[in-house]
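[1] task: produce atomic coordinates for the following.
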Amino acid sequence: MAKLGKRTRAAREAFEGKMNVTVEEAVALVKNNAKAKFDETVEIALNLGVDTRHADQMVRGVVGLPNGTGKDVRVAVFARGPKAEEAEKAGADIVGAEDLMETVQSGKIDFDRCIATPDMMPIVGRLGKILGPRNLMPNPKVGTVTMDVADAVKAAKGGEVQFKAVKGGIVHAGIGKASFDEAKLVENVRAFVTAVNRAKPAGAKGTYMKKISLTSTMGPGVSIDVGDAASLADA
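    Model (predicted):
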């Protein structure tokens, strides 16, 4: 068995016996034990009582975190003419049409969010097998197929987070950086849990939120009391 480093041992000892804590306690634990040499991302994972194989149980949505994510989000926009200019002025990193489609088809995907105007969807639709598995496919339900490209670009760069339940009913996202103030991380956790709660599908049966965990990139995870989180979401 591999020998654990001092940092890892110290982190595990700090988390030992800490289960189903409040959001505030979880944030404090994760933040205070993020000791890597880089600014670790604070990540949340929710285990939901849904079966994503059924369309009426799919959980998907978007939330604007009140304090942003701390991440530099690269945005690509499929648009032509005035809308392409609008996207560029709003700060889009990559703007194009057929040329951008060819770039993506070649395997070069140098962006974190993809936005498209409705008239571009016949082109973007050809990229479904490439963008879909990466959760990058533009979708009107989360505001990434829109004529308001400027607002969409600004939202993406300002801390908007998309979420989608994957196999096993897991929803996962980064909700900030370890360098954030505890209060700001708590606000972001609350905003994210609230958004997922509001996205509860009609087909969900039984307990919806089964488990919520918080961790940092290199640190252990801690479970948040679901009752506490649910009360925040209902507030």
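[2] neighbours of residue 164, how many?
    18 (other CB atoms under 10 Å). To be clear about C-beta, it is placed using only N, CA and C from the backbone, and glycine gets the same treatment.
[3] please name the nearest non-neighbouring residue to it.
    Leaving aside its sequence neighbours, residue 164 sits nearest to residue 60 (CB to CB, 6 or more residues apart in numbering; 4.6 Å).
[4] burial count for the one you found?
    Residue 60 has 17 nearby residues by other CB under 10 Å.
[5] same check, this time on residue 58
    For residue 58, using other CB under 10 Å, the count is 16.
[6] show me the shaky parts of this structure.
    Counting by pLDDT under 70, the ranges of the chain that qualify are 1-18, 230-235.
[7] tell me where it has strands.
    Ranges of strands in the chain, per DSSP state E, are 41-48, 60-64, 75-78, 94-96, 113-116, 160-164, 170-177, 209-216, 221-224.
[8] picking that back up, measure the residue nearest to residue 164 to residue 139 for me?
    Noted for residue 60: a distance of 8 Å to residue 139, by CB to CB, to the nearest Å.
[9] mind listing the residues bridging to the nearest residue to residue 195 once chain neighbours are set aside?
    Counting by CB to CB, 6+ apart, residue 195 lies nearest to residue 63, which is 3.6 Å off, once chain neighbours are set aside. Per DSSP bridges, the residues bridged to residue 63 are residue 161.
[10] give me the most central residue, the chain.
    Nearest residue to the geometric centre of the chain (CA atoms, centre = their mean): residue 173, 3.5 Å.
[11] thought that one was touching residue 192?
    Yes: with contact defined as CB atoms under 8 Å, residue 173 reaches residue 192; the gap is 6.4 Å.
[12] residues shared between the contacts of these two?
    44, 161, 163 (CB atoms under 8 Å, 6 or more residues apart in numbering).
[13] pull out the buried residues from those residues.
    Buried residues within those, defined by neighbour count using 16 or more other CB atoms under 10 Å: 44, 161, 163.
[14] closest to residue 85 among these?
    Distance to residue 85 across these (CB to CB) is lowest for residue 161, with 27.2 Å.
[15] mind listing the helices for the chain?
    For the chain, the helices defined by DSSP state H cover 6-15, 23-32, 81-90, 98-105, 121-124, 128-131, 149-157, 182-198, 226-234.
[16] so for the fourth one, what gets flagged as buried?
    Applying a neighbour-count criterion of 16+ other CB under 10 Å, one finds 100, 101, 104 buried in helix 98-105.
[17] next one: the second one
    Residues of helix 23-32 classed as buried: 23, 25, 26, 27, 28, 29, 30, 31 (neighbour count, 16+ other CB under 10 Å).
[18] now residue 193: how far from residue 20?
    Residue 193 sits 15 Å away from residue 20, going by CB to CB.
[19] returning to that earlier point: mind putting the buried residues of helix 23-32 into TSV with distance to residue 209?
    Formatted as TSV, the buried residues of helix 23-32 follow (distance: CB to CB, whole Å):
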residue	distance to residue 209
23	13
25	18
26	15
27	18
28	22
29	20
30	19
31	23
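[20] which residues does the spatially closest residue to residue 126 that is not a sequence neighbour contact?
    By the measure of CB to CB, 6+ apart, the closest residue to residue 126 outside its immediate chain neighbours is residue 101, 6.5 Å from it. Residue 101 makes contacts with 78, 123, 124, 126, 127, as judged by CB under 8 Å, 6+ apart.
[21] so how far is residue 170 from the third one?
    According to CB to CB, residue 124 stands 26 Å off from residue 170.
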